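Could you work out the structure for the sequence below:
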Amino acid sequence: MERHLQEQIAAESADSGGAGRAGAQEAPSDHCMTLLLRLRAQTKQQLLEYKSMVDANEEKTPEQIMQENQIEAKVEDLENEIEEVKIALEGLLIFFFNLVTIKCTLMIFKTKV
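This next block holds a predicted model:
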């Protein structure tokens with residue numbers, strides 16, 4: 001990385017060779033600072049990318065796995081309970097429908113008799 005930086009500085013100072021002695025001395029310093037700032041920005045970006053990759057692939061602890069399994073089991077139990085309640089409600093609705101039907105039939109029969 002340091003060698004790459006030195007090569008870039010040398011190449012850029014060679015490009016500005018006609019600028020004169022004072023300009024040639026200031027240019028490498030400015031270029032060096034610019035390159036260092038770019039390098040710092042790139043390094044920060046790479047660190048952010050690596051951090052997000054690490055966070056995405058983070059291992060779960062055994063406690064977390066146990067807790068997730070318990071939650072999944074509880075959710076499954078609740079889903080089963082909801083299904084049982086639905087079936088019971090359906091049975092009650094059928095019972096009340098039959099009760100109403102019988103009452104209506106009795107009322108019709110009584111009015112005809």
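
Would you quantify the distance from the residue positioned nearest the centre of the chain to Thr34?
What sits nearest the mean C-alpha location of the chain, by C-alpha atoms, centre = their mean, is Ala56, with 8.3 Å. Ala56 sits 33 Å away from Thr34, going by C-beta to C-beta, to the nearest Å. (Glycine included, C-beta is placed from N, CA and C.)

same thing with Asn98?
Asn98 is 88 Å from Thr34, by C-beta to C-beta.

Neighbour count for those two, which is higher?
The neighbour comparison of Asn98 against Thr34 (other C-beta atoms under 10 Å) goes to Thr34, with 13 against 10.

For the helix or strand containing that one, name the packing helices and strands.
Thr34 belongs to helix 21-56 when assigned by DSSP states H and E. Judged by 3 or more C-beta pairs under 8 Å, 6 or more residues apart in numbering; DSSP states H and E, helix 21-56 is in contact with helix 2-15.

domain parsing for the protein?
1-58, 62-113 (automatic domain parsing).

May I ask which helix or strand encompasses Ile71?
helix 62-112.

Report the rounded mean pLDDT for that helix.
Helix 62-112 carries an average pLDDT of 93.

and Leu47, how far is that from Met33?
From Leu47 to Met33 the distance is 21 Å (C-beta to C-beta).

And Val85, by the same measure?
In terms of C-beta to C-beta, Val85 sits 72 Å off from Met33.

now do Ile102
95 Å.
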